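>>> Sequence first, predicted coordinates after that:
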Amino acid sequence: MVCALTTEFAPAERASGDELQASHRSITSSTILTSVLDAMPQQVMILNRQRQVVFGNAAVRALGSSLGHASLLGMRPGEMLACDVAASAPSGCGTAEACRNCGSAQAILQGVDGHKAEREFRVSRTACSGAEALDLRMSATPFLWDEQGLVLLVATDIADEKRRQVLERVFFHDIMNTAGSINSMTEMLCTGDLLFDEVKGDLAIASDTLVQEIKSQRVLIGAENRTLAVQLAPVDSVAFLEALVHGFRNHEVARGKRIFIEPHSTDCRFVSDEALISRVIINLLKNALEATARDGAVRLECLADDTEVTFSCLNDAVLPREIQLQMFQRSFSTKGRDRGIGTYSIKLLTEKYLGGRVSFRSAPGMGTVFAVTLPRQPRQEH
């Protein structure tokens, strides 16, 4: 065994090559077992107590081959799936701080301890086509084979299910709030409890918000389905921010709060899709305003050099560490069950369609800063 490895969650130690080979031979010696597992449509892995693959069925081997793995023997599930967290962890899958919130790691550890477990597993990974998100249901079942304690891990793809749930619930939640506001005002107009001049401004804002939410949903569905067309045109940075701030001046989430554009912001022209950038910055601004107390402020900033332009959104609130570790994952949200689409859509649109990158920092004394960096002259293929 290799010891003295670092970890912030699950044990880092791994079995030796000889131990892995012995476990693999023991399992593959049973043609009945391997035939049954190969016939299953789900991805099925048999793991040792060190959470390493000692056998993968046909579905797992096909996936591994498509990801460029010559052999899966000895890999951990996150490594096999090219999870970004596993790739950056010094001791591999399960050993990073973010792994504490990983459904797969939690289920596997329970399996190693002799308990059956099922958890949802969200994977963010970088593929040839850019950033990808996977949603899997991981079922871990402990079993004894040839006097060795192993874990049968079954991964079921629930991406379509989760995508539909999230998109529908987010969309209907937001649209019902806005439609409900319009409905209440029109009912009060009909009963004479309000005069048109008293609410015409609010009605205009609410109807515009409704249209923007429908557009946002259409953009997000197109991005998820890879059918979104990017329309490149010149954009003036400060004028772009001023228009966004003007549009938010009477927005519900901005009431009692201030929005500033940093005076030192760079006023420059760059080429991008203004509609998509608007979706990204609007999401950042809404999240920042929702996290800002009444009488608080949110600041927008633009900095640029010869090749890139960076838009930043700053607020004084500090994100809990647990939230920071799961940022940008589809299906995760600070707003409740099935509300996780805001920061995921920011990353999806920025990295997959606008050719940029997104990052954030959050700490006491600094607050929270989200930054979106875009090329000033992007390539046109996507």
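Good, I have the coordinates. Computed from a prediction, not measured in an experiment: that's the story for all the values here. Numbers count the residues shown, from 1 in each chain.
>>> The protein: strands as residue ranges?
Under the criterion DSSP state E, the chain contains strands at 43-47, 53-56, 117-127, 130-145, 148-157, 233-236, 258-261, 269-272, 297-304, 308-315, 357-363, 367-375.
>>> Mean neighbour count, distance to T95 and mean pLDDT for those - can I get that in CSV?
C-beta coordinates here come from the backbone N, C-alpha and C atoms, glycine included. What follows is these, written out as CSV (neighbours: other Cβ atoms under 10 Å; distance: least, Cβ to Cβ, whole Å; pLDDT from 0 to 100):
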stretch, mean neighbour count, distance to T95, mean pLDDT
strand 43-47, 24, 15, 97
strand 53-56, 26, 16, 98
strand 117-127, 18, 16, 86
strand 130-145, 18, 17, 88
strand 148-157, 19, 17, 96
strand 233-236, 13, 43, 95
strand 258-261, 15, 41, 94
strand 269-272, 18, 38, 96
strand 297-304, 20, 36, 96
strand 308-315, 22, 32, 96
strand 357-363, 16, 23, 92
strand 367-375, 20, 27, 95
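>>> what sits against H69?
Neighbouring residues of H69 by Cβ atoms under 8 Å, 6 or more residues apart in numbering: 75, 80.
>>> quick one: low-confidence ranges for the stretch 151-300 of the chain?
160, 162-174, 177, 216, 220, 223-225, 250 (pLDDT under 70).
>>> ok, back up a step: in TSV, list the strands of the chain along with distance to C190.
Output for the strands of the chain, formatted as TSV (distance: least, Cβ to Cβ, whole Å):
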stretch	distance to C190
strand 43-47	57
strand 53-56	65
strand 117-127	46
strand 130-145	45
strand 148-157	49
strand 233-236	43
strand 258-261	34
strand 269-272	44
strand 297-304	37
strand 308-315	40
strand 357-363	45
strand 367-375	42
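>>> if we compare the ones you listed, which one ends up closest to A15?
strand 53-56 (8.4 Å; Cβ to Cβ).
>>> so which of the strands of the chain gets nearest T227?
strand 130-145 (15.2 Å).
>>> Can you name every helix or strand that that closest one contacts?
helix 103-112, strand 117-127, strand 148-157, helix 159-191 (3 or more Cβ pairs under 8 Å, 6 or more residues apart in numbering; DSSP states H and E).
>>> Out of these, flag the one nearest C313.
Nearest to C313, of all those, is helix 159-191, at 19.4 Å by Cβ to Cβ.
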